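Q: sequence? don't have it. structure:
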């Protein structure tokens, strides 16, 4: 029995700015994940606040919002067996300094804040985030 799932992935502004979107997408596709939706977007502060609703009151959030809205990003929905866990493992830990080589952050990320990618952390988060970013898929 397979555990088919969908998960939201955001290729953040540093991934787009550095020309890494294609390489990162290729890694997901090579793993066997399918693309259910994909769009290049400019994100405003209101959308950033909706996406990071659980964090807007934290002291470290304003610089994250500034970064998140600093340029275009690629929003996509990936689907496949255990997609949520697979993508999180492929991305690596948030802090790129300690991210394992072979992960997206371990191989490409230059800092803890500008860490290239976001991925849903649970099936429940994926459902909420997909509904926010791609309401036509919800």
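A: All right, it came through fine. Owing to the predicted nature of the structure, the values given are computational and were not obtained by experimental measurement.

Q: how close does residue 36 get to residue 80?
A: Residue 36 sits 10 Å away from residue 80 when distances are taken as Cβ to Cβ, to the nearest Å. The C-beta positions use only the backbone N, C-alpha and C, and glycine is treated the same way.

Q: how about the strands in the chain?
A: 4-11, 34-41, 73-81, 117-119 (DSSP state E).

Q: packing partners for the longest one?
A: Applying 3 or more Cβ pairs under 8 Å, 6 or more residues apart in numbering; DSSP states H and E, one finds that strand 73-81 makes contact with strand 4-11, helix 13-17, helix 21-30, strand 34-41, helix 123-133.

Q: in its sheet, what does that strand sit against?
A: Sheet partners assigned to strand 73-81 using DSSP bridges are listed as strand 4-11 (antiparallel), strand 34-41 (antiparallel).

Q: low-confidence stretches in the protein?
A: Applying pLDDT under 70 to the chain flags residues 1, 138.

Q: show me the contacts for the most centrally placed residue in it.
A: Geometric centre of the chain, nearest residue: residue 118, 2.3 Å, by Cα atoms, centre = their mean. By Cβ atoms under 8 Å, 6 or more residues apart in numbering, residue 118 lies in contact with 8, 9, 10, 12.

Q: that'll do, ta.
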